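Visitor: I need the structure of the sequence given here:
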Amino acid sequence: MATTSHTPPTAPGAQPPLGLRERKKLRTRIAIRKATYRLIAEQGYDATTIEQIAEAAEVSPSTVFRYFATKEDIVLTDEYDPIMEASLRSRPADEPPLVSVRLMMVETLSSFIVTDNEELRQRTRLMVEVPAIRARMTETMSDTAKVLAQVLADRTGRGADDLKIRIFVAAVLGALREVTLYWGEQGQTGDLVAMINEALDTLEGGLLL
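Guide: Predicted structure coming up:
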């Protein structure tokens, strides 16, 4: 993230401040990611190696792999899952789930645009241009799905593996994925937050012809 700070963004109901060890880990993750984006901007995705990333981030290649299993994960991983979880948990328990999720997604995305806009744009370009990143995105979104499913399960009294919970979360994250790709394919023009709202309107009201 070109403008990423050394602490994750905050949201209503956010988790307590990180301890020293967690802050050091966060700084290392961010350093690796910033180095990766810088190298990719300079020489392209395929030409950028883990060894180069490690040297630019001033860590060892084994440290890079300790934090990120693949190069694709460096591009796709961020610190927003805990923020999304905290935001969703802060919503009223009797609020319709889609309303809560909509407000959480808009809040989180708006924060991302303000604090990490350049990384968002570079990540989206890579999602569109690099098939390996698109393929890996589906796998990494499963971690976010588990987080959101657990929050909704706690709210509704259902199990996190309940079929309706899984379908709801999959539909919401699928909408987010398609909007992000569409925005990237269209040259990142248009209001991304408005597109998210439009996508969730479609989920709520169906495909009206």
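Visitor: Where does pLDDT dip in this protein?
Guide: By pLDDT under 70, the low-scoring segments of the chain are 1-18, 209.
Visitor: which stretches of it form helices?
Guide: 20-43, 50-57, 61-67, 71-76, 80-89, 97-129, 131-156, 163-185, 192-205 (DSSP state H).
Visitor: Now do the fifth one: distance to the chain's middle.
Guide: Using Cα atoms, centre = their mean, to the nearest Å, we find the averaged C-alpha position of helix 80-89 to lie 11 Å away from the chain's own average C-alpha position.
Visitor: just checking, what packs against it?
Guide: Applying 3 or more Cβ pairs under 8 Å, 6 or more residues apart in numbering; DSSP states H and E, one finds that helix 80-89 contacts helix 97-129, helix 131-156. C-beta coordinates here come from the backbone N, C-alpha and C atoms, glycine included.
Visitor: Test my guess that residue 164 contacts residue 158.
Guide: Yes: between residue 164 and residue 158 a contact is recorded at 6.9 Å, counting by Cβ atoms under 8 Å.
Visitor: Please identify which of those two sits among more neighbours.
Guide: residue 158 (15 against 10; other Cβ atoms under 10 Å).
Visitor: Leaving out chain neighbours, which residue sits closest to the more buried one?
Guide: Spatial nearest neighbour of residue 158, excluding adjacent residues (Cβ to Cβ, 6 or more residues apart in numbering): residue 165 at 5.5 Å.
Visitor: Could I get the contacting residues of that neighbour?
Guide: Going by Cβ atoms under 8 Å, 6 or more residues apart in numbering, residue 165 touches 149, 152, 153, 156, 158, 159.
Visitor: Go through these and give me the one with the most neighbours.
Guide: Neighbour max across the contacts of residue 165 (other Cβ under 10 Å) = residue 152, 22 neighbours.
Visitor: how far away is it from residue 110?
Guide: Going from residue 152 to residue 110 by Cβ to Cβ, to the nearest Å gives 22 Å.
Visitor: Right, I'll call it a day here.
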